[in-house]
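S.K.: Mind looking at a prediction? Sequence and model below.
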Amino acid sequence: MAPAITATDLTKKYGDAVAVDAVSFEVREGECFGFLGPNGAGKTTTMKMIYGFSPVTSGSLHVLGLDIRTRARDVKALTGICPQEDNLDPDFTVRKNLVVYCRYFGIAPAEAAKRADELLDFVALREKSDAPVMSLSGGMKRRLVLARALLNRPRMLILDEPTTGLDPQARHVLWEKVRDLKRQGVTILLTTHYMEEATQLCDRLVIMDKAKILVCGPPQELIAKHSKPTVVEVWNPPPEAVEWIKARNLECEKVADKLFVSPEAGDAFQRELEGRFKLDQVIVRRGTLEDVFLRLTGRDLRE
Amino acid sequence: MSAFSRVLCVWRRNLDVYMVTWKVNFLPPLLEPMFYLLAFGAGLGGFVKVVPYSGGEVSYTAFIAPGMVGISIMFQSFFECTYGSYIRMYYQKTFDAIIATPLSIEEVITGELLWGGTKAFISVAIMSLVVRAFGYMKFPDLLALPFLAFVCGLFFAGVGMCYTSIAPSIDSFNYPIFLFITPMSLFGGTYFPIEGLPGWAQKVAIFMPLTHVTEMTRAIAFGRWDAALAIRAVVFVAAALLAVRAAVLLMRRRLVV
Ligand SMILES: Nc1ncnc2c1ncn2[C@@H]1O[C@H](COP(=O)(O)OP(=O)(O)OP(=O)(O)O)[C@@H](O)[C@H]1O
Ligand SMILES: [Mg+2]
């Protein structure tokens, strides 16, 4: 199958500032592809180039087989977009938002009404049909944005941090919707700061930092390659404990007040540590995407 | 979808918002002329009985009625494409939402400008009926006023949008309003003939677009369908097209980064 997106040396500059620096990647038709990275890494900028919102500075970018430089209008007709910042129309009610948005795609009024109702059901906002957008909670707004993105029955869906600010229930519901759409064959691009979300939803993902792509692959593969199978977290370790761990030549890293250690046998290590230093805040767990993320992008907070 | 129907989608969006609160929106063009005609006709008109106009004399109220129409054309369209468009662009991100669909930024801005002209059309249509009810202006001449309002409104909308494209903040609209809009509304042949101004000020007034708009509204109000009116109308059509073009290019420069 032809790839949904092919980017080669894709670059975006705002004046002299490089927001995306010669990245290359391929998204397959029908997969859920993730973009992870710290704030300012260039994820949103990459998305904006993909749907033709922001012009490409250099490199080549083909979306759904079309050159974005010349065919942006056609790409936009085939794409649904949930932007990072909500931009629902505050002048209209919930349902009217959808109906008016349909017009921009040239969808006839009768069909628009049908799709609006269908999608209000899909995102469980039917009872809010006549409510002003301003009266919705943050999570409801996010859901309405998703519904709006689906009005044109898109082949590709761009979700820029769709679950930021959602409660756990709402997040699980949204994940379910995304899986649903994937089953229907929609290609999905997802940006998120929730590593669990990326692990659960993405077939493959990239981790970006400072305008570049650091790694690309399926989440489990990245975890296997870039993190340890077992990770022990120690809260507020006393200096003697740190000395003792270091003396055993174990790989360890300190983040804020937490120490991350990767021993061979986690449980034994935990027992020994707790016994020796009277610690009770030691946790053993498996390596996660978060470990990969923190290891590759550095653990300290940047501006 | 044709380019025109895409532009019309944006225009329709603004019309829909306007119609949600149409009762409130129809009130100003209904009441404003009543207040004006009462204050100036019954009030000031008692002291200033007649004003010289085109070689003869007309009553003061008959003189300012078309002036009031001219001011309304300018205010309606200029405010719509400065404050109105800026709020949609900057605070509501309405333009961002629309250009994520097959519409382009050029089409969005053109739709906004058409809406600016339409605001002038609606306002003047209501106003001229009120003025007619007071016995000033007559049919069928006054039917031309809303169309004139649309063309001149498109011009002021375009000029306003050009400023919007460089406006650093919403407060900065005070500059064009106090430097251009307010002086024009006072000295553009609206409340008194520009011949009443000192010589140098008359020369300035000649270069103010509103002076020529009120010349046209007044000519129509008094049924003077002459060559001057035709020439001014043609110039305004050209100026409106030019302003639209400039506004679209400038807004593109601001929004496509
Ligand atoms: N319109 C703009 N003008 C100038 N610089 C911009 C603009 N938009 C983004 N940038 C810069 O480009 C860089 C990448 O921004 P981008 O929004 O793509 O980051 P991001 O990875 O989406 O971050 P976040 O996780 O915070 O959403 C940042 O340094 C940002 O300051
Ligand atoms: Mg972002």
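M.R.: Ah, there it is. Ligands and ions are numbered 1, 2, ... in the order given.
S.K.: Tell me which stretches of the stretch 1-150 of chain B form helices.
M.R.: B:3-20, B:22-36, B:60-79, B:85-86, B:94-98, B:105-133, B:144-164 (DSSP state H, counting those that start in this stretch).
S.K.: So which bits of the stretch 51-200 of chain B are right by chain A?
M.R.: B:92-94, B:96-104 (Cβ under 8 Å from any Cβ of the partner chain). C-betas here are computed from N, CA, C, even on glycine.
S.K.: Try it again at 6 Å.
M.R.: Neighbours of chain A within the stretch 51-200 of chain B, by Cβ under 6 Å from any Cβ of the partner chain: B:92-93, B:96-98, B:100-103.
S.K.: tell me which of those residues is nearest to residue B:136?
M.R.: residue B:92 (39.9 Å; Cβ to Cβ).
S.K.: Could you report the neighbour count for that closest one?
M.R.: Residue B:92 has 16 neighbouring residues, counting by other Cβ atoms under 10 Å in any protein chain shown.
S.K.: Figure out the helix or strand that the closest residue to it other than its chain neighbours lives in.
M.R.: Nearest residue to residue B:92 in three dimensions, chain neighbours excluded: residue A:90, at 5.8 Å (Cβ to Cβ, 6 or more residues apart in numbering or on different chains). Residue A:90 is part of no helix or strand, with elements assigned from DSSP states H and E.
S.K.: Need phi/psi at residue A:67.
M.R.: When read as degrees, to the nearest 10, the backbone of residue A:67 gives phi -70, psi 120.
S.K.: bridging residues for it?
M.R.: Judged by DSSP bridges, the bridge partners of residue A:67 are residue A:62.
S.K.: picking that back up, ranking the helices of the stretch 1-150 of chain B by mean pLDDT, which is last?
M.R.: When the helices of the stretch 1-150 of chain B are ranked by mean pLDDT, helix B:22-36 comes last with a mean of 88.
S.K.: Give me the contact list for that one.
M.R.: Residues outside helix B:22-36 that contact it (Cβ atoms under 6 Å, 6 or more residues apart in numbering or on different chains) are B:18, B:68, B:123, B:126-127, B:130-131.
S.K.: and what of stretch A:268-278?
M.R.: A:232, A:241, A:263, A:279, A:282, A:284.
S.K.: can you give me the strands in the stretch 101-250 of chain A?
M.R.: A:156-160, A:187-191, A:204-209, A:212-217, A:230-235 (DSSP state E, counting those that start in this stretch).
S.K.: Residues touching the first one, excluding its own?
M.R.: Which is strand A:156-160. For strand A:156-160, the external contacting residues (Cβ under 6 Å, 6+ apart) are A:4, A:44, A:47, A:51, A:79-84, A:186-191.
S.K.: relative to strand A:187-191, how tilted is it?
M.R.: 10 degrees (axes from the mean of the first three to the mean of the last three Cα atoms, to 10 degrees).
S.K.: is strand A:156-160 anywhere near ligand 1?
M.R.: No. Using Cβ under 6 Å from any ligand atom, we find that strand A:156-160 stays clear of ligand 1, coming within 7.3 Å at best.
S.K.: Give me the sheet partners of that strand and which way each runs.
M.R.: Pairing partners of strand A:156-160, with direction, according to DSSP bridges: strand A:79-82 (parallel), strand A:187-191 (parallel).
S.K.: As JSON lines, those strands with mean neighbour count would be great.
M.R.: What follows is the strands paired with strand A:156-160, written out as JSON lines (neighbours: other Cβ atoms under 10 Å in any protein chain shown):
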{"stretch": "strand A:79-82", "mean neighbour count": "25"}
{"stretch": "strand A:187-191", "mean neighbour count": "25"}
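S.K.: right, so of the ones you listed, which gets closest to residue B:61?
M.R.: strand A:79-82 (55.6 Å).
S.K.: Identify the residues contacting that closest one?
M.R.: Taking Cβ under 6 Å, 6+ apart as the rule, strand A:79-82 contacts A:51, A:145-146, A:149-150, A:154, A:156-159, A:162, B:100.
S.K.: which of the residues in stretch A:137-152 are buried?
M.R.: A:139-152 (16 or more other Cβ atoms under 10 Å in any protein chain shown).
S.K.: Between which two of those is the distance greatest?
M.R.: Spatial extent of the buried residues of stretch A:137-152 (Cβ to Cβ) is set by the pair A:139 and A:152 at 23.4 Å.
S.K.: Just the CA coordinates for the longest helix along chain A, please, in CSV.
M.R.: Ordering each helix of chain A by length in residues (DSSP state H) puts helix A:168-183 first. Backbone C-alpha positions of helix A:168-183 (Å, rounded to 0.1, in the frame of the first residue of the first chain) are rendered in CSV as follows:
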residue,chain,number,x,y,z
PRO,A,168,-9.5,9.6,33.1
GLN,A,169,-13.0,8.5,32.0
ALA,A,170,-13.2,10.9,29.1
ARG,A,171,-9.7,9.9,28.1
HIS,A,172,-10.6,6.3,28.0
VAL,A,173,-13.7,7.1,25.9
LEU,A,174,-11.7,9.1,23.5
TRP,A,175,-9.1,6.3,23.2
GLU,A,176,-12.0,3.9,22.4
LYS,A,177,-13.2,6.3,19.6
VAL,A,178,-9.7,6.5,18.2
ARG,A,179,-9.4,2.7,18.1
ASP,A,180,-12.9,2.6,16.5
LEU,A,181,-11.7,5.0,13.7
LYS,A,182,-8.6,3.0,13.2
ARG,A,183,-10.6,-0.1,12.7
